[in-house]
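Novice: I'd like to go over a predicted model; first the sequence, then the structure.
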Amino acid sequence: MWYLCMFFHRLLDYRKAEVESLAQLFLDGKDNWSSLEWRLPLHHHPDSPFHYVNLPSEDIARNIANRSILVKGIYEIWGEGSSYEELEECIRSYPDERKLPYLEPGTTFKITVDSFGKVISFQDQNDRIKRFTYIPFKGQVNLKNPDHKFWVMETDDYGSSNGLPPVEGRRIFFGREVGGANRSLLPTYQLKSRNYLGPTAMDAEMAFLMANQALATPGKLVYDPFVGTGSILVAAAHFGAMTMGADIDIRVVRDGRGPDCNVWSNFKQYGLPMPVGLLRADNNLPPWRPGLKESVLILFLVNPDSRLYAREADKIIRCLDVAVLLGHLKKLRGEMLVGFESQFPGSARGVDTTGVLLKSHAILSQFGVHAKVHEHVLNGLLSSWLGLGKVFDAIICDPPYGVRAGGRKSGGRKLLKGTVDPYTVPDDKRTDHIPSTGAYSLVECVHDLLDLAARMLIMGGRLVFFYPVLREDDNVENHFPEHPCFKLIATSEQILSSRYSRVLLTMVKISPYTEEIAEAARIKHIDFRENHLKWLEDGNLHSAVFSPDPQLTATGDSKLGKEPKPKYRGKYV
Amino acid sequence: MRLLTHNMLSSNIKGVSNGFPLRIEVEKVVEKQVDFNADFLRNMFPKIEWKAFVDAAKTVGYAELPEEVESSALESEEFLNKFHHALLELHLEEGALVCPETGRRFPVSKGIPNMLLHEDEV
């Protein structure tokens, strides 16, 4: 059914992505669901706050709206028109069986008049409400806590102050509210009330949006490899996820600013469960144990000719448990199927797991493997696709881009530059030795992040992170990092200054981490190490963002050459 | 540091081929109450290397876990409680994690393991 979704007029690029992610969250595992349909109201611009969205049920719509940050409301529209006369006609023809249940005696209701881009006086609001006498309201008015909320929403000529193109025609909507965002949690979590803050703590609203993109929910484990003061994990923990964080700076994770001013206290402050783990680690050399246990099975099934894999797979099969599979099978939908397809081209979309099972059976039969083992292998295959053995359900982070904070990695500055030769730390100084760190280029940082995510995320798990782009090259779409294990599903830009923006990238793991990918990553790792200086200069955003404008310095008068840049920029304006 | 974290960590010193599991040196272990969340436990269970987990729990003084376990055990509330306690409520507050191959100590202080490598280990 089509619902009208009205957004808050902010962070325009993030609005639909959030609703789509939440739809994924609430619809996961339900049949016949692939992606959301959107439609614009008549004469509306894509950046308008009004969008129609097709959702399978009112419960889903309510869940999405209530969990979201940017949805002002989702409404079942009873009528819309360019004038109140047209609206009346439309509402009258809306089927009674959809209307009457909400108009019954004994219920309470309220009508709110809202507008976009203009102010309607109290008197005018009342006049508008009085026009609706043709709707047979039988219930009582209750302004404080009504059972049913009705909304009249108008868009009119609002000039160009909000950056949108001029309105082509007035549009009025009348509808019943299904749900709306609970933005009251933003003042609670706002940074100025936070005990422990760092210079790059993530804004609360943005952190919640990131947690929504990552589908944070109870039972999941979410990891932030650049945890800092924990500002992103706080949002994930609010939605019930278990959290884990690492940082290369031991002062932040271990000490903070005192016993009641550290990462732990930020969670305590809001009564949230503490992170399950905090550690000091370098994302360049992550200390996680290899989870290769399951990928051998995949390799075996993808390369059935390899005797080595067959032997290894057989060892694993013996340790696997049949029962593990069943509970997880039902989750196998949508994005994961894309992964299946690429490995098993024979299984078309929508064939679900049966196709894969048959194909796998065929492969196994070539070996004449015992029927009982089949079952085990298939269980193992599916559970490994689903990421058992992989640890994290999502990785959310704001990597250091070298603009406000620069990244660091193991290996001293001079060591990385090659000005000193590699040395050995003397045995007597090992105990309290403080290892030195050197600059970490953005390119390498993002490469390491993708590699880590590919290794550690479950299938279908999400990687959500910010990526900076310079605004000079306006076509930012094609420059995002890529990885064979991931599919990019959302990009949302936030302008930070006239020079640069950051884009929130949401990626889904669709393909397993194979030995080929691991080997490519290892070679790349060595390249970064050997050409440290080159990479550091190539990806240097700091100078691009902070160097003086050559035009301004040439004229000598900063006011003359300055063109006011719009603070607002939508994708299409 | 909880045993969950321990179960995921390994020594990544250059040249070390099997850095898992890290041996635990205990100076101080504390217990902190954590809300019970069965969904999370079921989600984590298949990700745990059970033998390393049981050994680690013994090292920090908890010997109630079964040596071998199948996923059907997740139906038992008694097992879940033990699993929950060992996984989330026992904290290594002070001590060290020791690389099984090289004997290198990764110190744990204020509950935070310091996994950063020295210059000659990367």
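Specialist: Arrived safely, thanks for sending.
Novice: all strands for chain B, in order.
Specialist: B:23-31, B:90-98, B:105-109, B:112-113 (DSSP state E).
Novice: give me the number of residues near the residue nearest to residue B:110 when sequence neighbours are not counted?
Specialist: Ranked by Cβ to Cβ, 6 or more residues apart in numbering or on different chains and with sequence neighbours excluded, the top spatial neighbour of residue B:110 is residue A:254, at 5.1 Å. Heads up, the C-betas are built off the backbone N, CA and C, glycines and all. Residue A:254: 20 surrounding residues under other Cβ atoms under 10 Å in any protein chain shown.
Novice: Residue A:254 - that's part of a strand, no?
Specialist: No - using DSSP: H, G, I helix; E, B strand; the rest coil, the assignment for residue A:254 is helix, not a strand.
Novice: any idea how far residue A:229 is from it?
Specialist: For residue A:254, the distance to residue A:229 equals 13 Å [Cβ to Cβ, to the nearest Å].
Novice: mind putting the strands of chain B in JSON lines, mean neighbour count, distance to residue A:88 and mean pLDDT included?
Specialist: Converted to JSON lines, the strands of chain B look like this (neighbours: other Cβ atoms under 10 Å in any protein chain shown; distance: least, Cβ to Cβ, whole Å; pLDDT from 0 to 100):
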{"stretch": "strand B:23-31", "mean neighbour count": "14", "distance to residue A:88": "68", "mean pLDDT": "95"}
{"stretch": "strand B:90-98", "mean neighbour count": "20", "distance to residue A:88": "66", "mean pLDDT": "95"}
{"stretch": "strand B:105-109", "mean neighbour count": "20", "distance to residue A:88": "71", "mean pLDDT": "94"}
{"stretch": "strand B:112-113", "mean neighbour count": "24", "distance to residue A:88": "66", "mean pLDDT": "95"}
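Novice: Quick one: these as JSON lines, columns for distance to residue A:174 too.
Specialist: Shown next, in JSON lines, are these (distance: least, Cβ to Cβ, whole Å):
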{"stretch": "strand B:23-31", "distance to residue A:174": "58"}
{"stretch": "strand B:90-98", "distance to residue A:174": "57"}
{"stretch": "strand B:105-109", "distance to residue A:174": "62"}
{"stretch": "strand B:112-113", "distance to residue A:174": "57"}
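Novice: Ok, which of the ones you listed comes nearest chain A?
Specialist: Taking Cβ to the nearest Cβ, strand B:112-113 is the member of the strands of chain B nearest to chain A, at 4.3 Å.
Novice: Please see if the worst-scoring helix or strand of chain B on mean pLDDT touches chain A.
Specialist: Lowest by mean pLDDT, DSSP states H and E among the helices and strands of chain B is helix B:38-44, with a mean of 85. Yes - interface with chain A: helix B:38-44 contributes B:39-40, B:42-44 (Cβ under 8 Å from any Cβ of the partner chain).
Novice: Buried ones among those residues?
Specialist: B:40, B:42-44 (16 or more other Cβ atoms under 10 Å in any protein chain shown).
Novice: Now do the helices in the stretch 401-550 of chain A.
Specialist: A:413-417, A:442-456, A:515-530, A:532-538, A:541-546, A:550-555 (DSSP state H, counting those that start in this stretch).
Novice: swap that for chain B, please
Specialist: Per DSSP state H, chain B carries helices over the ranges B:3-8, B:38-44, B:50-59, B:77-84.
Novice: For residue A:547, grab the count of nearby residues.
Specialist: Residue A:547 is flanked by 10 other residues according to other Cβ under 10 Å.
Novice: Could you export stretch A:48-60 as PDB, CA atoms only?
Specialist: Extracted as PDB, the C-alpha positions of stretch A:48-60 are listed here (Å, rounded to 0.1, in the frame of the first residue of the first chain):
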ATOM      1  CA  SER A  48      10.800  18.000  -1.600                       C
ATOM      2  CA  PRO A  49      10.000  16.600   1.900                       C
ATOM      3  CA  PHE A  50       7.000  14.800   0.500                       C
ATOM      4  CA  HIS A  51       7.400  11.300  -1.000                       C
ATOM      5  CA  TYR A  52       5.100   8.400  -1.600                       C
ATOM      6  CA  VAL A  53       6.400   5.000  -0.600                       C
ATOM      7  CA  ASN A  54       5.000   1.600  -1.100                       C
ATOM      8  CA  LEU A  55       5.000  -0.500   2.100                       C
ATOM      9  CA  PRO A  56       3.500  -3.900   2.600                       C
ATOM     10  CA  SER A  57       1.700  -3.200   5.900                       C
ATOM     11  CA  GLU A  58       0.800  -0.500   8.300                       C
ATOM     12  CA  ASP A  59       2.800  -2.200  11.100                       C
ATOM     13  CA  ILE A  60       5.900  -2.000   8.900                       C
END
